[in-house]
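Trainee: got a predicted structure here, sequence first:
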Amino acid sequence: MRTKMIFIASLLVIMMAVSACGQSGAANQSKPAQTAEAAAPVEEAQTRKVTTVNGEVEIPVNPQRVVATYYLGELAALGIKPVGAVERQLGKASPNLAPYSEGIAGIGDFPPNLEAIAALEPDLIIATDFDNIEYADYSKIAPTVVISWSTDDVATKLRSIAALLGKDAEAEAFIQEMDANAAKAREAIKGHISQEETVAIIRFFGKSIRAYGGRDIGYALYHSLELTPTPLIKQAMEQNPNFTSTEDVSLEKIPEYAADRIFVLVSDEEADSQYNELQKSAIWANLPAVKNNKVYKIQADKWFAYDPISINVTVDDAVRILTGEGDKE
């Protein structure tokens, strides 16, 4: 009897063990063990390809040492400080950007100095289409992206550079800020200048005289403040949205480009001498803006800059001038 009971107990132990093994196997089937390959973290890409005017270029995902030949204003608007930029955008040479240029190395002017760029060991070069440097020479130093200066407006250039650096949200925020500043400025000049009054921008440099359209000097006046250009300039802007300026204008033809109000920009000493002589002429003296004391001489280094930071500066300066806070000629 005792032998029989021992046999039955042993049989029960064996059945329980088999049942436990079956359950363990089922559990293992429902939760297969992870392989070492699956468990390993996925490495993030360090570079990416972008489409440029020079074809596909592989650039760092998060560049740390950027050299920008002429885009300090755009980078400043995005909260980025490059390691190098052309000297005409640094310090006293560019008062609008001076607050953002401390600690940035100069790389010469035009053309930029390739040795100076290489010494900075950049991991990305952002160049213009007027540097007079071969793309191949840039690309030997670091991945290079050429952003068109000549065909893109201020907002398009900002968005293009932001896309390279993963700063799209910052670009849109700054553009909204520019638009808000322009709207505020338009309100500020109401009652000081009417929509019927025309505005001209005349630049003297060397022995040349030119009338300007809606890019560069003219952006703040014609786009931000929405002031009215003279008929010839308006026609040129309608035919070509990228119209910057006329070819050289002779003294005799200045009345054709003159307006109810004239903004004058003098770029150098030779131009200043020419402008002083022009003011003695009957042609200049008989212009309506001159007779009505509505000629405004503006600072060349402040106004002859075309970047997001400078646009806000020149819009504010135009408000100061048109509301009577600035000096007339």
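Mentor: All right, it came through fine.
Trainee: centre of the chain versus stretch 191-204, how much separation?
Mentor: Distance of stretch 191-204 from its chain centroid, counting by C-alpha atoms, centre = their mean, to the nearest Å, is 27 Å.
Trainee: and it, what's buried?
Mentor: Across stretch 191-204, burial judged by 16 or more other C-beta atoms under 10 Å covers 193, 198-204. C-beta here means a position set from N, CA and C on the backbone, and glycine is covered the same way.
Trainee: which one of these is nearest to S245?
Mentor: R203 (7.1 Å; C-beta to C-beta).
Trainee: which secondary structure element contains that closest one?
Mentor: Using DSSP states H and E, R203 sits within strand 198-205.
Trainee: determine the set of other helices and strands touching that strand.
Mentor: In terms of contact count using 3 or more C-beta pairs under 8 Å, 6 or more residues apart in numbering; DSSP states H and E, strand 198-205 is assigned the packing partners strand 208-211, strand 228-229, helix 254-257, strand 261-266, helix 269-278.
Trainee: tell me where the chain has helices.
Mentor: Assigned by DSSP state H, the chain shows helices spanning 2-30, 36-39, 72-77, 114-119, 135-139, 154-165, 168-188, 231-239, 254-257, 269-278, 282-285, 288-291, 300-303, 308-322.
Trainee: in CSV, list the ones you listed along with mean pLDDT and distance to G214.
Mentor: CSV is the format used below for these (pLDDT from 0 to 100; distance: least, C-beta to C-beta, whole Å):
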stretch, mean pLDDT, distance to G214
helix 2-30, 43, 69
helix 36-39, 49, 58
helix 72-77, 97, 18
helix 114-119, 98, 33
helix 135-139, 96, 29
helix 154-165, 94, 11
helix 168-188, 98, 13
helix 231-239, 95, 5
helix 254-257, 94, 14
helix 269-278, 91, 22
helix 282-285, 95, 25
helix 288-291, 96, 20
helix 300-303, 92, 14
helix 308-322, 97, 12
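Trainee: for the residue nearest to I193 when sequence neighbours are not counted, give its distance to G191.
Mentor: Leaving aside its sequence neighbours, I193 sits nearest to L322 (C-beta to C-beta, 6 or more residues apart in numbering; 5.4 Å). As judged by C-beta to C-beta, to the nearest Å, L322 and G191 stand 10 Å apart.
Trainee: any idea how this protein splits into domains?
Mentor: 47-166, 182-322 (automatic domain parsing).
Trainee: end to end, how far does the longest one reach?
Mentor: This stretch, domain 182-322, spans 14 Å end to end (C-alpha to C-alpha, to the nearest Å).
Trainee: got the contact list for M237?
Mentor: M237 is in contact with 213-214, 222, 229, 243, counting by C-beta atoms under 8 Å, 6 or more residues apart in numbering.
Trainee: pipe those residues into TSV and attach pLDDT per row.
Mentor: Output for these, formatted as TSV (pLDDT from 0 to 100):
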residue	pLDDT
G213	95
G214	92
Y222	97
P229	96
F243	92
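Trainee: please pick the buried ones from those residues.
Mentor: 213-214, 222, 229, 243.
Trainee: can you lay out the residues you listed as JSON lines showing distance to L75?
Mentor: JSON lines is the format used below for those (distance: C-beta to C-beta, whole Å):
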{"residue": "G213", "distance to L75": "26"}
{"residue": "G214", "distance to L75": "24"}
{"residue": "Y222", "distance to L75": "26"}
{"residue": "P229", "distance to L75": "31"}
{"residue": "F243", "distance to L75": "27"}
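Trainee: ok, now how distant is E56 from K294?
Mentor: Distance from E56 to K294, by C-beta to C-beta: 53 Å.
Trainee: thinking again about what came up before, closest one to A173 among the domains of the chain?
Mentor: Using C-beta to C-beta, the nearest of the domains of the chain to A173 is domain 47-166, at 9.2 Å.
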